[in-house]
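Asks: Below is the sequence, then the predicted model.
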Amino acid sequence: MILLLDIGNTRAKYVVLEQGIRSTVKAIDNNVINHSLLEQHFTEITKMVVASVASEDITDIVKGWCEQNELPYQRVYSEQQKAGVKSAYHLPEQLGIDRWLTLVASRILLPKSNVLIVDAGTATTIDVLSASGQHIGGWILAGVETLFESVLANTTKVTATNTNKASLSFGCNTSDNVNNACWAATAGTIYSALKQAERQNCKIDKLLLTGGNAKELQPLLTVESLIIDDLVFQGLQAYSGEVRK
């Protein structure tokens, strides 16, 4: 069994990969990751494949536990080329690893399509991948919750409550005004990305959504889209040596 581990800034998500089949995604807070927890949950693992944007303190704990248990440890980094994908970055290692993995996964899943990938989480990232495997580039926008918090932090006379309800309706109170505008800004950015991709000779065939806000975002869009919750892990699997089933 192979553990695919995606360590974010505050939480780590993981799946267990066995004979090419991924388990459901589970999550743990970074601040509880230690040798004792790893020993408790992952003693049957035969290899660990890791993507991380967290501090090196966290990844060092994981790496150290693997070394202590003589368990193969593989850290994945963004690179110039993988699985038919070519990065648009002149310095490919500067592309966020989660973005890189969604590109790799999209290429494997939709090898003959121009794809727009939207990862809607703490940040909303947008990437365009051509049918030839060329990464055209992308955008990074503050996520819905981050947009909401920034409005309150930078406007002294705006008081609002985060309703956690996705809507594009015009609000009739300040809370709805702010909340709905954040969703509208996100949806509008996606529409703009679709148009910009066409201007750059890459008319989009498939729109993929992933990330924590994907399910709330999808009904707000008037274009067809597909949600793939574990897109990052499908990309990580490409580095594991296990064939996808």
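Replies: That came through, no problem. Numbers count the residues shown, from 1 in each chain.
Asks: What lies in contact with the worst-scoring helix or strand of the chain on mean pLDDT?
Replies: Every helix and strand of the chain was ranked by mean pLDDT, DSSP states H and E. The lowest is helix 144-154, at a mean of 90. Contacts to helix 144-154, defined as CB atoms under 8 Å, 6 or more residues apart in numbering, come from residues 120, 122-124, 141-142, 158-160, 162, 166, 178-179, 181-183, 185-186, 213, 216-217. Every residue, glycine included, has its C-beta placed from N, CA and C.
Asks: Just the buried residues of those residues.
Replies: 120, 122, 124, 141-142, 160, 166, 178-179, 181-183, 186, 213, 216-217 (16 or more other CB atoms under 10 Å).
Asks: Now flag whichever of those is closest to residue 9.
Replies: residue 122 (7.4 Å; CB to CB).
Asks: Which residue comes closest to that closest one once chain neighbours are left out?
Replies: Computed as CB to CB, 6 or more residues apart in numbering, the closest residue to residue 122 that is not its neighbour in sequence is residue 143, at 4.8 Å.
Asks: Report the contact partners of that neighbour.
Replies: Contact analysis of residue 143 by CB under 8 Å, 6+ apart lists 120-124, 186, 213.
Asks: List the ones among the buried ones among the contacts of helix 144-154 that fall in helices.
Replies: Judged by DSSP state H, the subset of the buried ones among the contacts of helix 144-154 located in helices is 178-179, 181-183, 186, 216-217.
Asks: Can you pick out the most distant pair from the contacts of residue 143?
Replies: Across the contacts of residue 143, the longest distance by CB to CB is 12.6 Å; it joins 122 and 186.
Asks: hmm, back to that, for the least confident helix or strand of the chain, which residues meet the burial criterion?
Replies: Neighbour-count burial for helix 144-154 flags 144-145, 147-148 (criterion: 16+ other CB under 10 Å).
Asks: Distance to residue 104 for those - can I get that in a markdown table?
Replies: Below are the buried residues of helix 144-154 laid out as a markdown table (distance: CB to CB, whole Å):
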| residue | distance to residue 104 |
| --- | --- |
| 144 | 26 |
| 145 | 27 |
| 147 | 28 |
| 148 | 31 |
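Asks: Spell out, range by range, the strands that occur in this structure.
Replies: For the chain, the strands defined by DSSP state E cover 2-7, 11-18, 21-22, 26-29, 47-52, 73-75, 81-82, 85-86, 115-120, 123-129, 135-142, 206-210, 226-227.
Asks: Same list as before, those that is, but in TSV and with distance to residue 41 and mean pLDDT included.
Replies: Below are the strands of the chain laid out as TSV (distance: least, CB to CB, whole Å; pLDDT from 0 to 100):
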stretch	distance to residue 41	mean pLDDT
strand 2-7	9	96
strand 11-18	9	93
strand 21-22	17	92
strand 26-29	8	93
strand 47-52	12	96
strand 73-75	16	96
strand 81-82	29	96
strand 85-86	32	98
strand 115-120	26	97
strand 123-129	28	97
strand 135-142	33	97
strand 206-210	25	98
strand 226-227	27	98
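Asks: Good, wrapping up.
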